[in-house]
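Trainee: Sequence first, then the predicted structure, then my questions.
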Amino acid sequence: MEFPKLGQHCNEPACKQLDFLPMKCDACLKIFCGDHIVYAAHNCGEAYKKDNQIPVCPLCNAPCPLKKGELPDDVVGRHIESDCLSDPAKERRKVYTNKCSKKGCKQKELVPVKCESCRLNFCLRHRHEQDHDCQGLPGGGKSVSDAGAAAILRAQKAASKNSTVSKKSTPKAASTPSPAQAGNSNRNSNNSRVGHQANLSSVQGSMSEDEALARALQMSISGNTAEVSQYTDGMTDQEREDFL
């Protein structure tokens, strides 16, 4: 006696068994019987989402950690192209050295694919001018040869590097006085020197320096401070100290 409305059929094409206690696969969310509920039994295409095993590189035997939802083949492929330390992987990286110049693209090609306008290397996806927002070379890049284009690029890089270094290393120039300011300062110093000499001559009168010094000593001994101050007026502190 069959009860077709009870239970569900197994989704395995070769089984289709009516199971009264059906089970749902937690990866592909399909119904299977007890014999085909295992991932390998029904060849589950979503089993990698539940598989916590870490794939191993077949060349260097290094583990390749992967995030949830990533395919193990993709992770191992990226490892071989970038991080694998085996000799075959190193040789492969040496062959694929033509990196795309498009910003953000990391694709490498076996042969160089250069743009006719800017003379930069690109991958097959960005080889057209509109695909990599080509700006060309200054002065009309299409008429420049390969050697000329390389020279222009080197000159641009050198100019940008030199400008950066000069900005960092150039000290601030010291402010130099103008000729007018220098002349004014010289005249002021000469006037002060002449005034000081005139002041000394007015104090000493017809006496020589030795006589004036002896006179000052005599007055200082006798305590005549008024006359001493008369001789020392207009002198600086150092000159007054030397005078006394």
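Mentor: Yep, that arrived.
Trainee: so where's this protein shaky on pLDDT?
Mentor: 1-4, 51, 89-96, 137-152, 164-209, 212-213, 216-244 (pLDDT under 70).
Trainee: That one: strands as residue ranges?
Mentor: Secondary structure of the chain by DSSP state E: the strands cover 8-9, 18-19, 23-24, 31-32, 98-99, 108-109.
Trainee: Any chance of JSON lines for these, columns mean neighbour count?
Mentor: Placement of C-beta: from N, CA and C, glycine included. Output for those, formatted as JSON lines (neighbours: other C-beta atoms under 10 Å):
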{"stretch": "strand 8-9", "mean neighbour count": "16"}
{"stretch": "strand 18-19", "mean neighbour count": "16"}
{"stretch": "strand 23-24", "mean neighbour count": "14"}
{"stretch": "strand 31-32", "mean neighbour count": "20"}
{"stretch": "strand 98-99", "mean neighbour count": "16"}
{"stretch": "strand 108-109", "mean neighbour count": "16"}
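Trainee: and of these, who's closest to residue 60?
Mentor: The closest of those to residue 60 is strand 108-109. By C-beta to C-beta, the value is 19.9 Å.
Trainee: Which elements pack onto the closest one?
Mentor: Judged by 3 or more C-beta pairs under 8 Å, 6 or more residues apart in numbering; DSSP states H and E, the packing partners of strand 108-109 are strand 98-99.
Trainee: and with 10 Å instead?
Mentor: The criterion is 3 or more C-beta pairs under 10 Å, 6 or more residues apart in numbering; DSSP states H and E, and the helices and strands that strand 108-109 contacts are helix 87-95, strand 98-99.
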